[in-house]
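**Student:** Give the three-dimensional model of this entry:
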Amino acid sequence: MSRTLAQRGAAQKKGESSSGKVKKEQLYAEARKRGDAVVKQGVAFIEDVKERLAELKEQEVSFEKQLAAFEPLAQAQASAFEALVALYPPMLEEVGPRRAERLNSASKFNQTAQTKREASARKISREARKQLEEANQRAHVATDATNLIKSLKATVRF
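**Tutor:** Numbering: from 1, shown residues only. Reported below is the predicted structural model:
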């Protein structure tokens, strides 16, 4: 009996393993199909991108063409600027010397003003010193007067 059970168990395992193999093969087959589909989509996408790039290359404008289109504009601007400069040459020639003259006069004014400021500061300092000395003298005179009054009062009491 145990042999028959063992044989049955072995037969069941073989059956299960063969059905498991079938399922596994089906899974692999499905995965291969999906992989093939993804690869085909990727190839189709790459081909589409290549076509788009080729179309864009055909629409591209070269640098030389762009330069040729803007060259007359640049020349017109340059000639207009030269014409404007030609209209005002005296003004442009006088700008440098006038600027130098104004800078020199401002520098001289600053230097003279500095000496005047220093002289004024010295004068104010002297006057302030005199006023302090006078205030100190008045304070001494007031102190001396107070002391004199105290001493006179002291002598009168005796």
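**Student:** residue boundaries of the helices in the chain?
**Tutor:** Under the criterion DSSP state H, helices of the chain are mapped to 2-59, 63-87, 89-157.
**Student:** any chance of the ones you listed in CSV, plus mean pLDDT and mean neighbour count?
**Tutor:** Heads up, the C-betas are built off the backbone N, CA and C, glycines and all. As requested, the helices of the chain are exported to CSV (pLDDT from 0 to 100; neighbours: other CB atoms under 10 Å):
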stretch, mean pLDDT, mean neighbour count
helix 2-59, 81, 10
helix 63-87, 87, 10
helix 89-157, 87, 10
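**Student:** Okay, domains of this structure per the record?
**Tutor:** Split into domains by automatic domain parsing, the chain comes to 1-60, 120-158.
**Student:** would CSV of those domains with distance to Tyr88 be doable?
**Tutor:** Listed next are the domains of the chain as CSV, based on distance: least, CB to CB, whole Å:
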stretch, distance to Tyr88
domain 1-60, 45
domain 120-158, 45
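**Student:** and Glu93, which of the ones you listed is closest to it?
**Tutor:** Nearest of the domains of the chain to Glu93, taken as CB to CB: domain 120-158 at 41.5 Å.
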